[in-house]
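**Student:** curious how this folds, go ahead:
(one chain, ligands or ions: 2)
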Amino acid sequence: MTYQDVYERSLAEPEAFWGKAAELIDWDVVPQQVLDDSRPPFYRWFPDGVLNTCHNVLDRHVDGGRADQLALIYDSPVTDTVKSFTYREFRDEVAILAGALSDLGVKKGDRVIIYMPMVPEAAMAMLACARIGAIHSVVFGGFAANELATRIDDAQPTVILSASCGIEPGRIVEYKPLLDAAIDLADHKPRTVMVLQRPQARATMVEGRDVDWLERVSSASPVDCVPVAATDPLYILYTSGTTGEPKGIVRDNGGHAVALAWSMQSLYGVEPGETYWAASDLGWTVGHSYIVYAPLFHGCTTILYEGKPVGTPDPGAFWRVIAQHGVSVLFTAPTAFRAIKRDDPDGEFIARYDLSKFQTLFLAGERCDPDTLHWAEEKLGVPVIDHWWQTESGWPMATNPIGIETFPIKPGSPTLPVPGYDIRVLKESGEECDPGEIGAIVVRLPLPPGTLPTLWNADDRFLDAYMNTYPGFYLTADAGYKDDDGYVYIMSRIDDIINTAGHRLSTGAMEEVLAEHPDVAECAVIGVADELKGQLPIGFVVLAAGADRDPAEVESELVAMIRERIGPVASFKQASVVARLPKTRSGKILRGTMRNIADGEEWTMPATIDDPAILDEIGVALSSMGYGKEQQ
Ligand code: COA
Ligand code: AMP
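**Tutor:** Ligands and ions are numbered 1, 2, ... in the order given. The predicted model follows:
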């Protein structure tokens, strides 16, 4: 079948299409109904189906002939460790960990926060929750205590699983002090914290609350998979919204299993038994879907990599992993390739490894600049596929669907809509844009299985954020266009989200932090172009009247505040004290114009500007930070 056939069928007959795909999954109760559309825009997939996700990623393969195949390879250059688990071994570890969680009183529907580095126990923890029907919420290790506290209060976990430390090149990140601080800050208190002690740092335990991971696991017995409704949540994953309150994206069990299992062959062109590597972090949606769930649904071997693309130890790190483990598909963010290209522009490290099994490179998480795309294509000699998705979708929305049909690559475009996603580009009026015309990218409802059914405990916010702007459509918050061939181009966000090293961050949330500084009267944070990370946040603040402070001192306090409150992952390294911020006459800060000046782009003086001279002052501040060029 051609892509066109598959795509059209997925939209014209979604129930037949996804009903067929559901055969890829083992059900305790096979769904008789594929789609419940009785309460739009709250659609539910496979409403009467019953299954267990952990059974589908592990037990099913153990029983079905893959018991001795590797399920997961942990490759950690930062600890000089490589450790492999067969499907049987991994299942057994997960079943015992699930037993330990049950012993701690975790039941179906309870939330468990996982705040851990990239160790196999983190993936086991996710699957152990899935095994007993508990809802996991993984929090990325680069977030600060405050961000973790917000998530604790929203998810209200019974138990938190953590480790003594993560390892960043050149420093050990002690997790436990951050976790203790977060629990102190949060109103909700977990009953138990279970801590994996790593040899690089020992966590101090809190009497009566904290328990040792290994001790608990060694006294636990394995437990079986608990059947859950297809519509029961499998996990909550928090992602940046437009305020300091992150959005709790909910993922259900049934739709998720079907969509991800279907994606592996159709979109990634990978066969069961092959080795699939998503070089991301378990704290992100890519890590959930394509380090843990999808490769294991599909019977692949997955890789959990605790390292960086460069510096662990060199820019050959990715090629070493691919060669050593026979990886056929690599999935990472363009920023990783920009880092490799910066350190090894001629690709000398690539030539040192046997990459004969390597078939395809997938990139996502941010716009893929054509230079990076071409460099990767030329140096690797394999197809390089830019594909587009979001935490909300949980799997690709646009790609070059190589498992169905391969299309010519157009640099700058993630190619075509994925089956199931009826992607449209709309004008503000709600009319469709012409080819080439930029508008809001939306997806006509219903969204396919695997996408967010709602936000955790926040149906109204779900409606406001995604559904109310264009009734009948999901608002992606990306802007872009389609060309004459239907190729999708993602150009920018329409909200305050920026993308730093493939990490999604809210400048609004950073402004909320800066505004709390006692000497700050008002502030603006903008994302400026950065050669390595794509975008970097920088801040401008106006001091409160009477604040007699050394600007440099305030600036470094502001940088420290963002690191302390949001985390190092924000990469917020520069702030500037200015006399005034540029505004419209109605008082709206002209962040877009500031960004244009910073990036040296063409800009026009906004007709509504209050005082044009302020932009000159901003230009001076930007150039002292190393940004902005004279306008031509
Ligand atoms: N725990 C604690 N701190 C972390 C962390 C973690 N899990 N991950 C990152 N950090 C810290 C880093 O140490 C760094 O701290 P620093 O300011 O003290 O240097 C800061 O957060 C920023 O990290 P990052 O943006 O990742 O920058 P980097 O310079 O360490 O690495 C890249 C740059 C491009 C190599 C790296 O970002 C990368 O590999 N990106 C790939 C992105 C990716 O996988 N995205 C997922 C979507 S597919
Ligand atoms: P996240 O939810 O962290 O996965 O971030 C999703 C956002 O990253 C999207 O809304 C886009 O703005 C951006 N993004 C992801 N993939 C791509 C891509 N291939 N091209 C352009 N932007 C992308």
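**Student:** could you use CA atoms for every contact and neighbour count after this?
**Tutor:** Noted.
**Student:** quick one: the strands in the stretch 201-350 of the chain, in order.
**Tutor:** Taking DSSP state E, counting those that start in this stretch, the strands of the stretch 201-350 of the chain run over residues 210-212, 228-229, 233-239, 247-252, 275-278, 301-305, 327-332.
**Student:** how many neighbours does Phe318 have?
**Tutor:** Phe318 is flanked by 24 other residues according to other CA atoms under 10 Å.
**Student:** grab the nearest non-local neighbour of it.
**Tutor:** Pro309 (6.1 Å; CA to CA, 6 or more residues apart in numbering).
**Student:** quick one: closest of the strands of the stretch 201-350 of the chain to Thr2.
**Tutor:** Among those, the nearest to Thr2 by CA to CA is strand 327-332 (22.7 Å).
**Student:** ok, the closest one: who's next to it in the sheet?
**Tutor:** Strand pairing for strand 327-332, determined by DSSP bridges: strand 275-278 (parallel), strand 360-363 (parallel).
**Student:** so which of the strands of the stretch 201-350 of the chain is nearest ligand 2?
**Tutor:** strand 233-239 (6.5 Å; CA to the nearest ligand atom).
**Student:** and the contacts of the closest one?
**Tutor:** Strand 233-239 is contacted by residues 109, 130, 133-139, 151, 155, 246-253, 284-285, 391, 456, 504 when judged by CA atoms under 8 Å, 6 or more residues apart in numbering.
**Student:** mind checking the pLDDT average for that strand?
**Tutor:** Across strand 233-239, pLDDT averages out at 97.
**Student:** return the distance of that strand from the chain's centre.
**Tutor:** 11 Å (CA atoms, centre = their mean, to the nearest Å).
**Student:** do stretch 485-496 as well
**Tutor:** 18 Å.
**Student:** and that stretch, does that touch ligand 2?
**Tutor:** Yes: for stretch 485-496, a contact with ligand 2 is found by CA under 6 Å from any ligand atom, at 490, 493.
**Student:** give me the subset of the contacts of strand 233-239 lying in helices.
**Tutor:** Cross-referencing the contacts of strand 233-239 against helices under DSSP state H gives 130, 151, 155, 285.
**Student:** spatially nearest residue to the residue of the stretch 1-150 of the chain found nearest ligand 2 (excluding sequence neighbours)?
**Tutor:** For the stretch 1-150 of the chain and ligand 2, the shortest gap (CA to the nearest ligand atom) falls at Phe140, measuring 11.7 Å. Closest residue in space to Phe140, ignoring its immediate chain neighbours: Gly283 at 4.1 Å, by CA to CA, 6+ apart.
**Student:** check Ala598 too.
**Tutor:** Closest to Ala598 by CA to CA, 6+ apart is Gly628, at 4.0 Å.
**Student:** that neighbour and ligand 1: what is the separation?
**Tutor:** 22 Å (CA to the nearest ligand atom, to the nearest Å).
**Student:** burial measure for that residue, as a count.
**Tutor:** The local packing of Gly628 (other CA under 10 Å) involves 22 other residues.
**Student:** surely it touches Asp599?
**Tutor:** Yes: using CA atoms under 8 Å, Gly628 is in contact with Asp599, at 5.5 Å.
**Student:** give the contact list for Thr469.
**Tutor:** Per CA under 8 Å, 6+ apart, neighbours of Thr469: Leu475.
**Student:** if we go to 10 Å?
**Tutor:** Thr469 sits next to 428, 430, 442, 463, 475 when contact means CA atoms under 10 Å, 6 or more residues apart in numbering.
**Student:** in the residues you listed, which residue is surrounded by the most others?
**Tutor:** For the contacts of Thr469, neighbours tallied by other CA under 10 Å; top is Val442, 24 neighbours.
**Student:** now do that one against Asp37, distance only.
**Tutor:** For Val442, the distance to Asp37 equals 19 Å [CA to CA, to the nearest Å].
**Student:** near ligand 1, which residues of the stretch 101-250 of the chain are found?
**Tutor:** Near ligand 1, when you scan the stretch 101-250 of the chain using CA under 6 Å from any ligand atom, you find 141-142, 166, 168, 173.
**Student:** reformat those residues as JSON lines; add secondary structure and pLDDT.
**Tutor:** Shown next, in JSON lines, are these (DSSP: H, G, I helix; E, B strand; the rest coil; pLDDT from 0 to 100):
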{"residue": "Gly141", "secondary structure": "coil", "pLDDT": "90"}
{"residue": "Gly142", "secondary structure": "coil", "pLDDT": "89"}
{"residue": "Gly166", "secondary structure": "strand", "pLDDT": "97"}
{"residue": "Glu168", "secondary structure": "strand", "pLDDT": "94"}
{"residue": "Val173", "secondary structure": "strand", "pLDDT": "96"}
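**Student:** now a PyMOL select for only the buried ones of the residues you listed.
**Tutor:** This is how PyMOL selects the buried members of those, with burial counted by 16 or more other CA atoms under 10 Å:
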select buried, resi 141+142+166+173
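**Student:** confidence score at the residue of the stretch 451-600 of the chain found nearest ligand 2?
**Tutor:** In the stretch 451-600 of the chain, the residue that lies nearest ligand 2 is Arg504 (4.4 Å; CA to the nearest ligand atom). Per-residue confidence (pLDDT) for Arg504: 91.
**Student:** tell me how many other residues crowd it.
**Tutor:** 20.
**Student:** Gln535 versus that one, what's the distance?
**Tutor:** To Gln535, Arg504 is 10 Å away according to CA to CA.
**Student:** anything in contact with each of those two?
**Tutor:** Common neighbours of Arg504 and Gln535 (CA under 10 Å, 6+ apart) are 366, 498.
**Student:** give me the contacts around stretch 211-225.
**Tutor:** 51-56, 59, 91-104, 121, 128-133, 161-163, 192-197, 203, 205.
**Student:** tell me what the longest helix that the chain contains is packed against?
**Tutor:** Ranked by residue count, the top helix of the chain under DSSP H comes out as helix 87-103. Contact here means 3 or more CA pairs under 10 Å, 6 or more residues apart in numbering; DSSP states H and E; on that basis helix 87-103 packs against helix 53-54, helix 60-61, strand 70-76, strand 81-86, helix 120-132, helix 213-218.
**Student:** report the buried residues of it.
**Tutor:** For helix 87-103, by 16+ other CA under 10 Å, it's 87-102.
**Student:** closest to Arg44 out of those?
**Tutor:** For the buried residues of helix 87-103, the nearest to Arg44 is Ala98 (27.6 Å; CA to CA).
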